[in-house]
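J.: need coordinates for the following:
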Amino acid sequence: MIETDTAGIVKRWSLGAEELFGYSARDAVGRKVDFIVPEHLREAHWAGFHRAMDEPVIKDLAADLPVLCADGAIRPFPGRLLVLSDGLGTALGAIAIYASEGTTGVHPFG
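T.: This is a model prediction of the structure:
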């Protein structure tokens, strides 16, 4: 599980995220989350992230997402992206929950 604020700064990095991606919480917390986004997808990532923060209408999205792991490999992980909001239309941040196995069947980046 990864939690970010509305600027995409990692606030929480679970032990599961450490095990899946290879980055320690110490190395992840306080950084922009794009260090796990493959470089060729960063522009699309930030466009979608900022859109979700500006208009938090997508509250839950499941997809197989490519992640740039600490060893330099890009691996797909099934995950769920959830926008955290105050219930009145203001985003507070986001949570991403990933699994080590399986697939969602949704591949937003091809």
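
J.: C-alpha only now, for contacts and for neighbours.
T.: OK.

J.: mind checking the SS state of the residue lying farthest from the centre of the chain?
T.: In the chain, the residue that sits farthest from the middle, by CA atoms, centre = their mean, is Leu88; the gap is 22.9 Å. Classification of Leu88 using DSSP: H, G, I helix; E, B strand; the rest coil returns coil.

J.: what is the burial count for Met53?
T.: 23 (other CA atoms under 10 Å).

J.: same check, this time on Ala73
T.: Ala73, neighbours per other CA under 10 Å, totals 12.

J.: for this protein, longest helix please?
T.: helix 42-54 (DSSP state H).

J.: can you give me the helices for the protein?
T.: So, for the chain - with DSSP H - the helices run 15-21, 25-28, 42-54.

J.: return the second one as PDB; C-alpha atoms alone will do.
T.: Going back to what we said before, that points to helix 25-28. Output of helix 25-28 as PDB, limited to C-alpha atoms (Å, rounded to 0.1, in the frame of the first residue of the first chain):
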ATOM      1  CA  ALA A  25       9.900   3.000   3.400                       C
ATOM      2  CA  ARG A  26      12.900   5.200   4.500                       C
ATOM      3  CA  ASP A  27      13.800   5.700   0.800                       C
ATOM      4  CA  ALA A  28      10.200   6.200  -0.400                       C
END
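
J.: which helices and strands sit right next to that helix?
T.: When contacts are defined as 3 or more CA pairs under 8 Å, 6 or more residues apart in numbering; DSSP states H and E, helix 25-28 packs onto strand 10-13.

J.: 10 Å instead, please
T.: Applying 3 or more CA pairs under 10 Å, 6 or more residues apart in numbering; DSSP states H and E, we find helix 25-28 packed against strand 10-13, helix 15-21.

J.: what does the longest one give?
T.: If you count contacts as 3+ CA pairs under 10 Å, 6+ apart, helix 42-54 packs onto strand 74-85, strand 91-98.

J.: list the buried ones in it?
T.: 46, 49, 52-53 (16 or more other CA atoms under 10 Å).
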